[in-house]
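*Asks:* turn this into a model:
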Amino acid sequence: MVKTKRSFFEKLTGSHRIEPEEYAEETLETNRGMQQLNNIYEEEAQEILMSSPSSIKKDMNEETFISNDSGEGQLTIDVYQTDTEIVIKSTIAGVKPEDLDVTINNDMVSIRGERKREEQVSEENYYYQECYWGNFSRSVILPVDIISEKSEASMKNGILTIRLPKSDTNKTKKIQVRGF
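*Replies:* Numbers count the residues shown, from 1 in each chain. So this is what the prediction gives:
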């Protein structure tokens with residue numbers, strides 16, 4: 001390689017000129033390195049996806065939802081409010097209503113149950129295994145006070161719906177002040 005005189009810009013910035021041959025070699029090496037990293041990441045991602053479905057959890061707002069790290073599956077839920085109630089909906093296909101346990105404790109609702117396999121299939125016979133089988137649960141911290149005695153839970157077409165009436169805590173009560 002013939003040494004050339006550096007330009008004013010190269011002296012000012014401290015940069016140096018890259019000849020086309022050098023650039024092509026550096027680009028080729030960089031591309032090879034990036035391809036190797038992509039292969040490693042893809043292998044790791046595949047291993048994670050092939051592990052148990054309960055290890056892949058959707059990120060949720062931590063103020064509203066409580067995660068469970070007990071090895072159980074975690075239900076996906078929708079929580080919304082109307083003028084008079086809080087509504088929780090969850091898809092629970094393949095579970096009988098009598099196999100569900102819904103509890104309301106102060107400001108929290110917990111849903112527990114078990115999805116049972118109907119047939120045993122060996123691991124090597126699966127092409128895909130994305131459904132969760134076994135125990136599952138989900139707890140939700142309620143954003144407002146409710147009347148737990150009037151709460152209702154129903155299941156239709158594999159969708160669990162829990163209706164929790166809001167308590168009327170905004171009622172104003174006027175009291176008489178007594179003097180002594």
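*Asks:* how near is the closest residue to Ile86 other than its chain neighbours to Lys150?
*Replies:* In space, and not counting its chain neighbours, Ile86 is closest to Leu164: 4.4 Å by CB to CB, 6 or more residues apart in numbering. Glycine gets a C-beta too; all of them are placed from N, C-alpha and C. Distance, Leu164 to Lys150, using CB to CB, to the nearest Å: 8 Å.
*Asks:* those two: who's more crowded?
*Replies:* Applying other CB atoms under 10 Å to Leu164 and Lys150 shows that Leu164 carries more neighbours, namely 24 against 11.
*Asks:* in which helix or strand does the more buried one reside?
*Replies:* Secondary structure assignment for Leu164, by DSSP states H and E: strand 159-165.
*Asks:* name every strand pairing with that strand and say which way it goes.
*Replies:* strand 85-91 (antiparallel), strand 152-156 (antiparallel) (DSSP bridges).
*Asks:* pick the most buried one from those.
*Replies:* When the strands paired with strand 159-165 are scored by mean count of other CB atoms under 10 Å, the highest mean neighbour count falls to strand 85-91 (a mean of 17).
*Asks:* re the thing from before, list the buried ones in the strand holding Leu164?
*Replies:* For strand 159-165, the neighbour count (16 or more other CB atoms under 10 Å) marks Leu160, Ile162, Arg163, Leu164, Pro165 as buried.
*Asks:* tell me which residues form a beta bridge with the last one?
*Replies:* With DSSP bridges applied, Pro165 shows beta-bridge pairing to Glu85.
*Asks:* enumerate every residue touching it.
*Replies:* Going by CB atoms under 8 Å, 6 or more residues apart in numbering, Pro165 touches Thr84, Glu85, Ile146, Ile147, Lys150, Ser151.
*Asks:* return the distance of it relative to Asp145.
*Replies:* Going from Pro165 to Asp145 by CB to CB gives 10 Å.
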